[in-house]
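> Quick one, structure for this:
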Amino acid sequence: MTRYGVSALWPHESRLSDGSPDGSHIGLMQMPTTMQDAFDWTINTQDGVSLFFEKLALAENNARKMENTHPGLRDLTASELEDMAIELYGPFPGGLNLTKQYYAPSCVGGTANGNACSGGSWEWIVNIAGNNRGVGYVANVRKNIQLP
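Model (predicted):
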């Protein structure tokens with residue numbers, strides 16, 4: 001295959017669910033294949049880190065919006081925010097849709113009426129009902145982490 005005027009064995013391992021052709025993304029974070037990301041692993045890594053931090057910021061913003069509209073809902077932990085970011089990074093992202101995030105507020109021990117929770121409290125739950133495929137993606141990522 002020839003890309004950027006270079007005939008070589010370009011990677012074709014990226015098989016993304018968004019319809020991108022095989023080989024359109026490269027590296028651990030599957031960055032779009034550009035000349036710089038393809039030929040300089042340090043740039044690829046830096047771009048991947050930047051992308052993940054963008055997803056982390058979006059996750060924090062989404063969580064804050066839900067906390068602001070559900071009185072008493074606690075802040076997510078760093079690990080929970082990371083789960084939210086992984087879901088946003090993956091193939092089934094909730095994006096700005098607050099009902100499709102990895103976590104969702106749930107009125108536990110009471111009755112929800114809009115943003116009010118009578119007789120209970122707002123708590124975070126894993127949002128299987130709102131984004132089952134996104135939740136499954138995060139579970140798969142977490143399951144495959146190899147710790148030393």
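> all strands for this protein, in order.
2-3, 6-7, 25-26, 31-32, 103-108, 111-113, 116-118, 121-126 (DSSP state E).
> will you turn those into a markdown table that also has mean neighbour count and distance to L58?
In short, each C-beta sits where N, CA and C put it, glycine included. Formatted as a markdown table, those follow (neighbours: other CB atoms under 10 Å; distance: least, CB to CB, whole Å):
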| stretch | mean neighbour count | distance to L58 |
| --- | --- | --- |
| strand 2-3 | 10 | 30 |
| strand 6-7 | 10 | 35 |
| strand 25-26 | 20 | 19 |
| strand 31-32 | 17 | 17 |
| strand 103-108 | 19 | 14 |
| strand 111-113 | 11 | 25 |
| strand 116-118 | 14 | 26 |
| strand 121-126 | 17 | 17 |
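> Which one of these lies nearest to T77?
For these, the distance to T77 is smallest for strand 121-126, at 9.5 Å, taking CB to CB.
> who touches that closest one?
Here strand 121-126 makes contact (CB atoms under 8 Å, 6 or more residues apart in numbering) with 70-74, 76, 80, 102-110, 135.
> can we see that at 6 Å?
Defining contact as CB atoms under 6 Å, 6 or more residues apart in numbering, one finds that strand 121-126 is touched by 70, 72-73, 103-106, 108, 135.
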